[in-house]
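J.: Provide a 3D model corresponding to the input given below.
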Amino acid sequence: MADQVARVAEHIRKEMGKAIVGQRAVLDQMLLVLLCGGHALIEGVPGLAKTLAVKVLALIGRLEFRRVQCTPDLMPADIQGTTIFNVQKGEFSLHRGPIFTDLLLVDEINRTPPRTQSALLEAMEERQVTLDGNTYMLSEFFTVFATQNPIEFEGTYPLPEAQLDRFLLKIRIGYPEAGEESEILRHYQEGFDPRGLDKLGLEQLPAGWLLAARAEVGAVRVEPALFQYVTNVVRRSRDWPALSLGASPRAAVNLLLAAKACASLEGRDFLIPDDVKTAAPAVLRHRLLLKPESDLEGMNSDQVIAELLAAVEVPK
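T.: Predicted coordinates for the structure are as follows:
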């Protein structure tokens, strides 16, 4: 079905609008994560409906949803599960943790220590979990949406670069516009309850649509010159004066994949340089490490990405 991505996008945007006011760019990036089969780090202050958006997305997409609330005492077994001895059967059996789901919301991921954060690494990269020498496969739709607060640092553990690199996108959520905020109040006045999503009459995606849309994204044509363009963007970041750490080869793969999804969302079955430029900020912003002097000068990764894209020659 040649227009499957468009159908999926239209359906999800329409149904998400019943629960989420505004935030079109954010919702499109969450949709892009689903189309690519990747993971996303969502950054925003409390109260911006990050959790609600993920729950609604799971409900619309016919995806099982589980949540982990991160705290300093959270252990790897609390996420992955553990093997327990069944006295009646005389054997060990797996007690599955919340990681065995389709959409996993890891709330305030930077509040849990590195040992527990690392419990997600294998699952995010290989869609499998290894416990006591046994490997268990995860759902083909397994997706992690992890949230973090950008302004609260006391009692947090910064995510290591190895883990950040496993997130396809870093999605930044800002405050809604004044009109949108008034619309939110009107929704609550009319009886909207985020704890009663079943009352919204959300229509689920027809079975098979999401897999068909992913196949359509994978079939987007890419000219050789655009392979080189993506490569040049990523390699240029590694010797950029303001950066102490540039993008990895995994970043290049993710940039290409996200750009293909952007092309599909625009209704094209071929890639153009603008798709790469559209995808680049969300794909690269969490993978670049600013030099201390650049940070002191008030620069941020999005500014560096804009300068970097302007410096790389665009193929004709």
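J.: Show me which residues of stretch 90-108 are buried.
T.: 94, 97-108 (16 or more other CB atoms under 10 Å). C-beta here means a position set from N, CA and C on the backbone, and glycine is covered the same way.
J.: Next, the contact list for the residue in the chain sticking out farthest from the centre, please.
T.: Distance from the C-alpha centroid of the chain, by CA atoms, centre = their mean, peaks at residue 88 (42.2 Å). Going by CB atoms under 8 Å, 6 or more residues apart in numbering, residue 88 touches no other residue.
J.: which residues sit in contact with residue 313?
T.: Per CB under 8 Å, 6+ apart, neighbours of residue 313: residue 232.
J.: meant to ask about residue 178, not that
T.: So residue 178 contacts nothing (CB under 8 Å, 6+ apart).
J.: In stretch 136-152, which residues are buried?
T.: By neighbour count on 16+ other CB under 10 Å, the buried set for stretch 136-152 is 138, 141-148.
J.: Same list (those) but as TSV, adding secondary structure.
T.: What follows is the buried residues of stretch 136-152, written out as TSV (DSSP: H, G, I helix; E, B strand; the rest coil):
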residue	secondary structure
138	coil
141	coil
142	coil
143	strand
144	strand
145	strand
146	strand
147	strand
148	strand
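J.: I'd like those as JSON lines, with pLDDT and distance to residue 233 appended.
T.: Shown next, in JSON lines, are these (pLDDT from 0 to 100; distance: CB to CB, whole Å):
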{"residue": "138", "pLDDT": "92", "distance to residue 233": "31"}
{"residue": "141", "pLDDT": "92", "distance to residue 233": "29"}
{"residue": "142", "pLDDT": "93", "distance to residue 233": "28"}
{"residue": "143", "pLDDT": "93", "distance to residue 233": "25"}
{"residue": "144", "pLDDT": "94", "distance to residue 233": "25"}
{"residue": "145", "pLDDT": "94", "distance to residue 233": "26"}
{"residue": "146", "pLDDT": "93", "distance to residue 233": "25"}
{"residue": "147", "pLDDT": "90", "distance to residue 233": "28"}
{"residue": "148", "pLDDT": "87", "distance to residue 233": "26"}
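J.: What is the nearest of the residues you listed to residue 42?
T.: Checking the buried residues of stretch 136-152 against residue 42 by CB to CB gives residue 147 as the nearest, at 4.7 Å.
J.: so the closest one bridges to which residues?
T.: residue 42 (DSSP bridges).
J.: circling back: how confident was the prediction at the residue farthest from the centre of the chain?
T.: Per-residue pLDDT puts residue 88 at 76.
J.: For it, which phi and psi angles does the backbone take?
T.: Phi and psi for residue 88, reported as degrees, to the nearest 10, are phi -70, psi -40.
J.: Give me the subset of the buried residues of stretch 90-108 lying in strands.
T.: Secondary structure from DSSP state E places 94, 103-107 of the buried residues of stretch 90-108 in strands.
J.: List the contacts of the spatially most central residue of the chain.
T.: For the chain, residue 40 is the residue whose C-alpha lies nearest the centre (CA atoms, centre = their mean; 1.6 Å). Contacts for residue 40 (CB under 8 Å, 6+ apart) come out as 29-30, 33, 143-146, 167-171.
J.: can you do 7 Å?
T.: The contact partners of residue 40, taken as CB atoms under 7 Å, 6 or more residues apart in numbering, are 30, 33, 145, 167-169, 171.
J.: what's the spacing between it and residue 112?
T.: Applying CB to CB, to the nearest Å, the value for residue 40 to residue 112 is 18 Å.
J.: could you point out which element follows the biggest helix by length in the chain?
T.: Using DSSP state H, we find that the single longest helix of the chain is helix 249-265. Sequence order places helix 273-284 as the next helix or strand after helix 249-265, per DSSP states H and E.
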